[in-house]
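Asker: got a sequence here, can you model it:
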Amino acid sequence: MMLHAQQLRSFLAVAELGSYTHAAERLFLSQPGVYQHVRQLEAAVGTKLVEQHGKKVVLTQHGRVVFEYAQRMSHEEAELLQRLRDDESLAAGTVSIAAGSTAGEFILPRITVAFQKRYPQIAIRVAVLATTDQIDRAVLERRFDLGFHSEPRSAEGLTKTPFLQDELVGIAPPGHRFVTSGRRIAPRTMATEPFVAFAAPPNAPLSGAIIRIMTEDWFASGESVPDLQLSLGTLEGIKNAIRAGGGVGIVSQFSIREDDPSLRVFRLMRPPRRQFMLVSRTGGWEPKVVRTFREFAQELEWMEPAEAEQVRVATRAELTEEEKAS
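Answerer: Purely as a prediction, here's the structure:
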């Protein structure tokens, strides 16, 4: 039995669009030609793959199996063509990235803008997804080239590389005693002030949920309970509440701009830390533009040299501590 590529393309288009006519328009073929390709494929595999339900064409049980196969073949064909056309000059190309909220809103803008200054013809698409599992799955299923989040848990078929350490910091209005003291604030001291926290609904944003858990663990380490006066579901909501005098909060160091006059940062005693991971598929071919972007992010080429060296030192120290703890 031999399956022909054109038959699979026609079948895939019919399955995706539910119509011979629309499939023919996509493929720039005649409707009878597409219909004949599907009939020939059914004859080759010896079973019915599609059925007509009113005006819509639907897959049979065997049709769904062949559809999955045809999708894999289509991806592999596209990857082959892209590999053969890989432009060594990086004069064109696209990188698609799935990220958690902190990475997507505060870190990737810096990386992408710096990358495009070096390679101005490269288009970059960043999507913020709700959970680390969604990000991992999107990269594994090739819907995105790379992922960025802070969940180190291994996943089959994926490589997760630590590339940036994040430290949680306290924020308060200008002139607050935690800011003017110049000292690191302990959990018990923090618990004496009204605390504005991330809300924790079941569908909480990825970054908010992780920061909330890290914050709770930090208070627990000091045998303290925060004076929880207000919970909000977004980082901007928390910032605005603190600007209005609602209390103090804990956020990622990357989410606060140094030139924001309405908020001030203060350091925490034994601050919670996490590693941001760069997620890529394990093995297989990777387009040059994706490989170049990944290496650009990992090597911290988007930072000033002094800043990058500080991050490298902090990251190495954190990984060493994690190894000792394990």
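Asker: from here on, just use CA atoms for contacts and neighbour counts.
Answerer: Noted.
Asker: secondary structure class for residue 260?
Answerer: What DSSP: H, G, I helix; E, B strand; the rest coil gives for residue 260 is coil.
Asker: how much space between it and residue 266?
Answerer: 14 Å (C-alpha to C-alpha, to the nearest Å).
Asker: who has more neighbours, those two?
Answerer: residue 266 (20 against 8; other C-alpha atoms under 10 Å).
Asker: ok, now which ones touch residue 68?
Answerer: Residue 68 is in contact with no residue at all, counting by C-alpha atoms under 8 Å, 6 or more residues apart in numbering.
Asker: isn't residue 100 up against residue 129?
Answerer: Yes: counting by C-alpha atoms under 8 Å, residue 100 does reach residue 129; the two are 5.9 Å apart.
Asker: these two: which is more packed in?
Answerer: Neighbours were counted for residue 100 and for residue 129 using other C-alpha under 10 Å; residue 100 has more, 25 against 19.
Asker: can you read off the pLDDT for the more buried one?
Answerer: Predicted confidence (pLDDT) for residue 100: 91.
Asker: what does residue 89 give?
Answerer: In this model, residue 89 is scored at 66, pLDDT.
Asker: again with residue 204
Answerer: Predicted confidence (pLDDT) for residue 204: 50.
Asker: and residue 322, by the same measure?
Answerer: For residue 322, pLDDT reads 57.
Asker: which regions of the stretch 151-300 of the chain sit below the pLDDT cut-off?
Answerer: Applying pLDDT under 70 to the stretch 151-300 of the chain flags the ranges 200-208.
Asker: swap the cut-off to 80 and go again
Answerer: Within the stretch 151-300 of the chain, the stretches with pLDDT under 80 are 200-209, 284-285.
Asker: what are the ranges of the strands in it?
Answerer: Per DSSP state E, counting those that start in this stretch, the stretch 151-300 of the chain carries strands over the ranges 158-172, 194-198, 227-232, 249-252, 264-266, 273-281.
Asker: in a markdown table, list those along with distance to residue 13.
Answerer: Output for these, formatted as a markdown table (distance: least, C-alpha to C-alpha, whole Å):
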| stretch | distance to residue 13 |
| --- | --- |
| strand 158-172 | 29 |
| strand 194-198 | 45 |
| strand 227-232 | 45 |
| strand 249-252 | 45 |
| strand 264-266 | 55 |
| strand 273-281 | 27 |
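Asker: residue 92: which of those strands is closest?
Answerer: Between residue 92 and the strands of the stretch 151-300 of the chain, the tightest spacing by C-alpha to C-alpha is seen for strand 273-281, at 21.0 Å.
Asker: sheet partners, orientation included, of the closest one?
Answerer: As defined by DSSP bridges, the strand partners of strand 273-281 come to strand 146-149 (antiparallel), strand 158-172 (antiparallel).
Asker: for residue 287, which of those strands is the nearest?
Answerer: The nearest among the strands paired with strand 273-281, by C-alpha to C-alpha, is strand 146-149 at 11.5 Å.
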